[in-house]
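Colleague: take a look and give me a structure for this.
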Amino acid sequence: MIDCFTDVPGLKIGHAADAGCDTGVTIIVPDLPMVMAVDVRGGGPGTRETDALDPSTLVERVHGLALSGGSVFGLAAGDEMVLCLSATGKGLMVGPGLPLLPVVPGAILFDIANGGDKNWGETPPYRRLTRAAFAALDSGDSSGRIGAGHGARAGSRAGGIGSVSATLSSGHRIGALVAVNSFGEVYEGAPPDGAVAMPKLGRLSGVTGSRNTSIGAIATDAPLTRAQAQRVAMMAQDGLARCIRPIHCPFDGDSLFVISTAPEGSGGSDPVTLTEIGTIAADLVARAVRRAVFG
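Modeller: Numbers count the residues shown, from 1 in each chain. Reported below is the predicted structural model:
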């Protein structure tokens, strides 16, 4: 175990970035379809297929997760991921002779105004980057200015991706991966009371939202139902509030996904175990944010 997101069994991750455009893509692919839920906060989210994760909907398990820079252009990462997964035999089987249908939720962050060359015309790099990330899929992992966090800014500092993990009392693993592009400042300790530092505000003149956002995932091999995964996602958002101020504001679109790689038929966890999972998830999110920004 190396204290990273992919310490959780059953997951592979791929990162790709374009240094000239100063943007990138991170994809997560399970060995087998996975339970997933999401909690979205802030005034400017950008997401894909998140309605399909509601516990009341039909599809019980999904086939991947796409996290991307590029604002609305980055949503194409999920589209390309669908093609890559279907071509490799992953997705819902809906009938003989019909293509497999991968379900790939996703979220984007806003790195359009970070100084990179965004004059890409009708060919944004996100499909190309997704194919590169898919080719680079493995069970290793790292943190820093990689993948979806390549062009991120966290308040007045460079942002990035943070990846961490821990072990539950049951012996199951739990990990967090966060791409930090927050409007608010990131603090190594608890954020201070009093005046609110908003260093990005001067660069956001005339903009009402969607220019920031921290996006990420928490994964565990402990069994979770979709409703339980949603509860963990809600609890995990507290980790952002422990180290970013302000958070969940009109300029953010913070979105955290929760994944369980436990096999089908595993059921869920009891309420005490669920409480432990959610509590540690929040701890890991805070630690991942700090690792992304401070190393």
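Colleague: in the stretch 1-150 of the chain, which spans are strands?
Modeller: Along the stretch 1-150 of the chain, counting by DSSP state E, counting those that start in this stretch, strands occupy 11-18, 23-30, 35-40, 47-48, 65-68, 106-108.
Colleague: tell me the strands beside the fifth one, with direction?
Modeller: Strand 65-68 has the following strand partners under DSSP bridges: strand 23-30 (antiparallel), strand 106-108 (parallel).
Colleague: using CSV, list the CA coordinates for that strand.
Modeller: Output of strand 65-68 as CSV, limited to C-alpha atoms (Å, rounded to 0.1, in the frame of the first residue of the first chain):
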residue,chain,number,x,y,z
LEU,A,65,-15.8,8.0,-14.1
ALA,A,66,-14.4,10.9,-16.2
LEU,A,67,-12.9,13.9,-14.4
SER,A,68,-11.7,16.7,-16.7
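Colleague: how far off centre is it?
Modeller: Distance, stretch centre to chain centre, for strand 65-68: 6 Å (Cα atoms, centre = their mean, to the nearest Å).
Colleague: ok, and what's touching it?
Modeller: Defining contact as Cβ atoms under 8 Å, 6 or more residues apart in numbering, one finds that strand 65-68 is touched by 23-28, 36, 48, 74-78, 81, 104-109, 126, 129-130, 147-148, 179, 215-217, 257, 259. C-beta here means a position set from N, CA and C on the backbone, and glycine is covered the same way.
Colleague: low-confidence regions, the stretch 51-200 of the chain specifically.
Modeller: 191, 193-200 (pLDDT under 70).
Colleague: in it, which spans are helices?
Modeller: With DSSP state H, counting those that start in this stretch as the criterion, the stretch 51-200 of the chain has helices at 76-87, 126-135.
Colleague: contacts for the longest one?
Modeller: Defining contact as Cβ under 8 Å, 6+ apart, one finds that helix 76-87 is touched by 25, 27, 29, 48-49, 63-64, 66-68, 70, 91, 99-102, 104-106, 108, 124, 126-127, 129-131, 134.
Colleague: returning to what we had before: the strands of the stretch 1-150 of the chain: which one's closest to Gly295?
Modeller: In terms of Cβ to Cβ, the element of those nearest to Gly295 is strand 11-18, at 16.7 Å.
Colleague: got the angle for the closest one vs helix 126-135?
Modeller: 140 degrees (axes from the mean of the first three to the mean of the last three Cα atoms, to 10 degrees).
Colleague: can you give me how far strand 11-18 is from the chain middle?
Modeller: Centroid separation for strand 11-18 versus its chain: 12 Å, with Cα atoms, centre = their mean.
Colleague: what angle separates that strand from helix 76-87?
Modeller: 130 degrees.
Colleague: for this protein, what's the longest helix?
Modeller: In the chain, ranked by residue count with DSSP state H as the criterion, the top helix is helix 271-294.
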